[in-house]
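Q: 3D model of this:
(2 chains)
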2 protein chains.
Amino acid sequence: MTAVPTSITDGRELVDRAMRASAERLDPWTRRVVAYHLGWTDEQGRPAAAGGKALRPALALLSARAAGIPAEAALPGAVAVEFVHAFSLLHDDIMDGDRTRRHRPAAWTVFGPSAAILGGDALLALSEELLLDEQTRGSHWAARALTAATQRLIAGQALDIGFEQRDDVTIEECLTMAGDKTGALLACASSIGAMLGEGPTRLVTALTGFGSEMGLAFQLVDDLLGIWGSPGTTGKPVLSDLRARKKSLPVVFALNAGTDASARLAELYAEPGQPSEDDLREMARLIEAAGGRGWATAEADGRIASAEKYLAESGMDDDVRAEFRDVALFVTARDH
Amino acid sequence: MTAVPTSITDGRELVDRAMRASAERLDPWTRRVVAYHLGWTDEQGRPAAAGGKALRPALALLSARAAGIPAEAALPGAVAVEFVHAFSLLHDDIMDGDRTRRHRPAAWTVFGPSAAILGGDALLALSEELLLDEQTRGSHWAARALTAATQRLIAGQALDIGFEQRDDVTIEECLTMAGDKTGALLACASSIGAMLGEGPTRLVTALTGFGSEMGLAFQLVDDLLGIWGSPGTTGKPVLSDLRARKKSLPVVFALNAGTDASARLAELYAEPGQPSEDDLREMARLIEAAGGRGWATAEADGRIASAEKYLAESGMDDDVRAEFRDVALFVTARDH
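A: Got it, this is the predicted structure:
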């Protein structure tokens, strides 16, 4: 398994403290839901340690370093992007009917959908509030970028839900969806520290491009793991994306490839009811036969290369650039 | 029926145009849900005219006049408060299982809960975005006030949902809930134009106090109408709040009054299953007997008087002050 880069582990404690302090601003009822969702407590409200890897805050802190400001100055941005991410997961799990999140029952199954809706709403409002604590050009820049990214996140989820009802989704639409749903917030996370530090536009633009490309690579890898990943590492049942007949990127590529396998896959995707275990294995085989696995793998590699090109254009110090590169390679590694 | 004050009708077209222009920023799928929810279209997306009275934007424009800036300069604030209000209604209807809104099917019953969740999310993000279009001291002030009001709105809804599970709600808690759920956003609406106009703190403080008190009066009247209002004017079935065993202000007062009627009312509220029509009439009678109706009526009058006192302290011109007063009397009139 690829080692977790130090840029992800280093700032974790700092970010964790800032997140907990910020969550104190929530009303007690909503805070209970949020604390569970973020892995700080268990179902009974007892302390737990089940948090995610906090990739977005790590990127935010790195981008602050790229702009030459201390990590502390970028904390509102680091917390805000993580809260927007948490908001979207809280709401998405309800919409998608996903009962499990990070090996634990999803928040809405524990506290009910109403509490999870409100918890997400509160996190979204709080994320903006954090960036408005100060009135600087940098915090205004960051707040605008965050609302824009949030709008794209929502648009991407809307598109994704729409896909489930359609059998004519193109690969371009699917890439747009992934860019909105995953790329936009990672692009914001990768640049928000530089915005708060009022860094040069060239740097912010390059970091935004980096995050966007890395986001697409990340989604492609996630989609590959959703079909061929092992349940032990993904935390989801084997072939889970196919079980839900998700129109993920490799699937949409395969459906549009015009091969015999594509036609057979389309039939299996259109069948009503739960697919059998045999059907699931057949679907995975057809996606591969129609070129979906090969395309997604090559596309992910291309996006990583493009992300690295953005880093090269950013004008930042070699050591920070190397750390950004390590994070990109880590989150797009196919062994976790 | 009390006549609609000109301050509510006058700015309506201006605000309507600004709202529609702002909604263009939403993705098409989410915009469809929002356009229906705001009364611009029917279920099939055809043009309709079913909007609300746009009380909050009218207050926002009035507060701009109070600070001596043109209505146009306060439009982002007027639209933002209405969008936050619309966001909360979209989500509340899902949480409360309310199938009707303004005499029409609630958005979630037409487009599904997922679409309504996303539509609300998008409106919330957009409302902040609108206030970040410019970087002035006034827009920063307004944006902060709006996120704070939104947090209270969410806290109020959380408290309200919690009430349904409890039989020990105090009248103080119930007033806190109403202040958060209804007062906070009306307070923000009543002052946001003055913030955008960078008016004096004294004016903003007075208008915030006015809106907060008017909001409580408004909620008290709404609660009275939810029990004793006629369905033709409220748009809800007769005795609807009692049917849902809502712990509204007159009910909570009655439950805590310590009378025989209070005890009998508590029994009826605790009974499982749908209350019969006879039970509903008995509940209404008991609330009145325990003093709930009289208290809520007097409390509403007291809040209106307090709102007027804030207006007197605001230092604004007599004509604007008279218009604020007209709006307060209109929205707390008990004949609509």
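
Q: What residues does the nearest residue to residue A:91 once chain neighbours are set aside make contact with?
A: In this structure, residue A:91 finds its nearest non-sequential neighbour in residue A:120, 4.4 Å apart by CB to CB, 6 or more residues apart in numbering or on different chains. Quick note: C-beta positions are derived from backbone N, CA and C, even for glycine. With contact taken as CB atoms under 8 Å, 6 or more residues apart in numbering or on different chains, residue A:120 is in contact with A:86, A:87, A:88, A:90, A:91, B:121.

Q: Adding secondary structure, write those residues out as a markdown table.
A: Below are the contacts of residue A:120 laid out as a markdown table (DSSP: H, G, I helix; E, B strand; the rest coil):
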| residue | secondary structure |
| --- | --- |
| A:86 | helix |
| A:87 | helix |
| A:88 | helix |
| A:90 | helix |
| A:91 | helix |
| B:121 | helix |
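
Q: could you give me the average pLDDT of the helix or strand where residue A:261 lies?
A: Applying DSSP states H and E as the criterion places residue A:261 in helix A:260-270. Mean pLDDT, taken over the full extent of helix A:260-270, equals 95.

Q: distance between the helix or strand following it and the chain's centre?
A: Scanning forward in sequence from helix A:260-270 by DSSP H and E, the next helix or strand is helix A:277-289. Averaging C-alpha positions (CA atoms, centre = their mean, to the nearest Å) puts helix A:277-289 26 Å from its chain's average.

Q: same question, stretch A:68-79
A: Centre to centre, stretch against its chain (CA atoms, centre = their mean), the figure for stretch A:68-79 is 20 Å.

Q: What residues of that stretch count as buried?
A: Residues A:69, A:71, A:73, A:74, A:75, A:76, A:77, A:78, A:79 are the ones in stretch A:68-79 that count as buried (16 or more other CB atoms under 10 Å in any protein chain shown).

Q: contacts for it?
A: With CB under 8 Å, 6+ apart as the test, stretch A:68-79 has contacts from A:11, A:14-15, A:18-19, A:22, A:56-58, A:60-61, A:63-65, A:127, A:130-131, A:133-134, A:139, A:142, A:146, A:192-193, A:195-197, A:199.

Q: From the residues you listed, list just the buried residues.
A: For the contacts of stretch A:68-79, a burial check counting by 16+ other CB under 10 Å picks out A:11, A:15, A:18-19, A:22, A:56-58, A:60-61, A:63-65, A:127, A:130-131, A:139, A:142, A:146, A:192-193, A:195-197, A:199.

Q: which among these are in contact with chain B?
A: Of the residues in the buried ones among the contacts of stretch A:68-79, proximity to chain B by CB under 8 Å from any CB of the partner chain holds for none.

Q: which bits of chain A sit near chain B?
A: Counting by CB under 8 Å from any CB, the residues of chain A that sit close to chain B are A:25-27, A:29-30, A:87, A:91, A:94-95, A:113-115, A:117-118, A:120-122, A:124-126, A:128-129, A:132, A:135, A:137, A:140, A:143-144, A:147-148, A:150-151, A:154-155, A:157-159, A:161-162.

Q: Buried only: go through the residues you listed for me.
A: Neighbour counting over these (16+ other CB under 10 Å) leaves A:26-27, A:29-30, A:87, A:91, A:94-95, A:113-115, A:117-118, A:120-122, A:124-126, A:128-129, A:132, A:140, A:143-144, A:147-148, A:150-151, A:154-155, A:157-159, A:161-162 as the buried ones.
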